[in-house]
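Colleague: Got a predicted model here, sequence first, then my questions.
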Amino acid sequence: MTAPVLLVRHGESEWNVARRTQGQTHHPRLTAKGREQAASAARLVAQLLRDRRTTEARVVSSDLVRASETADIVADRLDAPVAEDPRLREMALGSLEGLGYEETWRAGEQHDWSDIDLPIAGGESPAQVGRRMLAVLTEAFVAATAGTAVVLVTHGDAVRYAAQALRGPTAPPTEWLDVPNGAVLLVDPERRAVEPVG
């Protein structure tokens, strides 16, 4: 039986609280609330795996600190190995990283969001993020077919562009996908869909 593939967004970070744009900034750590969110996500993942009678699992995480700290909490709950994969990083946001949210949003208003191949502020384009996330998901689907659940710990925009990439390059843009800190989402490879759990 095919095991589930799950996406987990990291818990609240210090820069989430400070309202600073993180992108691929490496060092922001989880807050106490972020660790609680990670623990809650871990409980939700563990329950879903029990419900589906899945005994084998592995955790793969972005190598950014806020994600790797979340992954350690999830992996500990599942008694599963954890590995890091930089393809699960958040979108690189170039010169926007480190800025306050309001300044980032003002800059974002000048960006042509209809062009998914256009890099943002010298960082990555949505299409680039989607391609690297889709590559990770494709590998996870292979493991899941063999009976091993795969939990991918990543970031909000990375999840959104993964969902879009799953639908294919000619699919119309999806509606805004709400991915709060600590969110758990189930990936359905047959329907090419990402759905919140819990």
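Modeller: Ah, there it is.
Colleague: what pairs with the residue nearest the centre of the chain across the strands?
Modeller: By Cα atoms, centre = their mean, the chain has its centre lying nearest to residue 154, at 2.9 Å. On the basis of DSSP bridges, residue 154 is bridged to residue 9.
Colleague: Contact partners for residue 76?
Modeller: residue 42 (Cβ atoms under 8 Å, 6 or more residues apart in numbering). Yep, even glycine has a C-beta here, placed from its N, CA and C like the rest.
Colleague: Would you tell me what the next helix or strand after the helix or strand where it lies is?
Modeller: Element membership of residue 76, judged by DSSP states H and E, is helix 65-78. Heading C-terminal from helix 65-78, the first helix or strand you meet, by DSSP H and E, is strand 82-84.
Colleague: Where does the prediction get shaky in the protein?
Modeller: Residues of the chain that meet the criterion pLDDT under 70 lie in 170, 173-174.
Colleague: any chance you could map the strands in it?
Modeller: Here the chain has its strands, by DSSP state E, at 5-9, 56-61, 82-84, 148-154, 184-188, 193-196.
Colleague: Which one of these lies nearest to residue 122?
Modeller: For residue 122, the closest of the strands of the chain is strand 148-154, at 21.9 Å, according to Cβ to Cβ.
Colleague: Show me what that closest one is packed up against.
Modeller: For strand 148-154, the packing partners by 3 or more Cβ pairs under 8 Å, 6 or more residues apart in numbering; DSSP states H and E come out as strand 5-9, strand 56-61, helix 65-78, helix 126-145.
Colleague: Quick one: closest of those to residue 27.
Modeller: The closest approach between residue 27 and any of these, judged by Cβ to Cβ, belongs to helix 65-78 at 5.7 Å.
Colleague: Mind listing what's buried along the closest one?
Modeller: Residues 65-75, 77-78 are the ones in helix 65-78 that count as buried (16 or more other Cβ atoms under 10 Å).
Colleague: Can I get these in a markdown table including distance to residue 185?
Modeller: Compiled in a markdown table, the buried residues of helix 65-78 are given as follows (distance: Cβ to Cβ, whole Å):
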| residue | distance to residue 185 |
| --- | --- |
| 65 | 22 |
| 66 | 17 |
| 67 | 15 |
| 68 | 19 |
| 69 | 19 |
| 70 | 14 |
| 71 | 15 |
| 72 | 20 |
| 73 | 17 |
| 74 | 13 |
| 75 | 18 |
| 77 | 17 |
| 78 | 17 |
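Colleague: Any chance of the strands of the chain in JSON lines with distance to residue 122 as columns?
Modeller: Below are the strands of the chain laid out as JSON lines (distance: least, Cβ to Cβ, whole Å):
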{"stretch": "strand 5-9", "distance to residue 122": "25"}
{"stretch": "strand 56-61", "distance to residue 122": "26"}
{"stretch": "strand 82-84", "distance to residue 122": "25"}
{"stretch": "strand 148-154", "distance to residue 122": "22"}
{"stretch": "strand 184-188", "distance to residue 122": "29"}
{"stretch": "strand 193-196", "distance to residue 122": "28"}
